[in-house]
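Visitor: Build me a model from this:
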Amino acid sequence: LVNWNEQLLFDWLEDNTYPDLLKAKNQMSRWDCYAPIFKHRIELKCRRTHYDTLLLEKKKYDAMILESDKHLDTPIYINSTPKGIYSFDLSLLKPEWETKRLRNNTDFGNSQIIEKQVCFLRIEDSLLLYSEKK
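Guide: You can find the predicted model right below:
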């Protein structure tokens, strides 16, 4: 099994899906990369565990939609899990938002519990880009 991180996921996407993939210029950007040929503005997320639904924060969704609308791009949310890589076209989804108490940040040391507006995207609503062989 691949132990995905954002750099490995970026490299895989560049080699297999988006040959023109560019990293966001600003590290604090609300998206991680951009594919000019397809006009896809992409947020990447690597999950250590596979779930049948994948969490997306409303503030991330809103920022992606706003910026994509401004540039006539397609907002794409790509998740890797131990079972594969899943791509969601956010412009086609109608998320149902709910408030959850979650850690402020998983990987960067801020484990304070805060309220977040989130939705859960169903794997079956995604485009499977890659599947791990068992």
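Visitor: just the strands in this protein please.
Guide: Residue ranges of the strands in the chain, as given by DSSP state E, are 22-23, 33-35, 40-46, 53-57, 74-81, 84-89, 98-103, 113-122, 127-131.
Visitor: What is the neighbour count of Thr114?
Guide: Quick fix: residue 114 is Ile, not Thr. Each residue near Ile114 was counted by other CB atoms under 10 Å, and the total is 11. (Glycine included, C-beta is placed from N, CA and C.)
Visitor: what's the closest non-adjacent residue to it?
Guide: What sits nearest to Ile114 in space, not counting adjacent residues and going by CB to CB, 6 or more residues apart in numbering, is Asn104, at 5.1 Å.
Visitor: quick one: the one you found and Asn26, what's the gap?
Guide: Asn104 sits at a distance of 21 Å from Asn26 (criterion: CB to CB, to the nearest Å).
Visitor: In terms of neighbours, single out the busier of the two.
Guide: More neighbours sit around Asn104 than around the other of Asn104 and Asn26, counting by other CB under 10 Å; the figures are 12 against 8.
Visitor: if I pick the more buried one, what's in contact with it?
Guide: With CB atoms under 8 Å, 6 or more residues apart in numbering as the criterion, the residues that contact Asn104 are Asn110, Ser111, Gln112, Ile113, Ile114.
Visitor: Surely the third one and Arg103 touch.
Guide: Yes. With contact defined as CB atoms under 8 Å, Gln112 counts as touching Arg103 (7.1 Å).
Visitor: Looking at these two, which has the bigger crowd around it?
Guide: Higher neighbour count among Gln112 and Arg103: Arg103, with 12 against 7, using other CB under 10 Å.
Visitor: Now tell me what touches the lengthiest helix in the chain from outside.
Guide: Among the elements of type helix in the chain, defined by DSSP state H, the one spanning the most residues is helix 58-71. For helix 58-71, the surrounding residues in contact (CB under 8 Å, 6+ apart) are 30-31, 39, 41, 43, 73-75, 77, 90-91, 95, 97, 116-119.
Visitor: just stretch 44-52 next, same as before
Guide: The list of residues contacting stretch 44-52 from outside it, by CB under 8 Å, 6+ apart, reads 4-6, 9-10, 32-33, 54, 77-83, 122-123.
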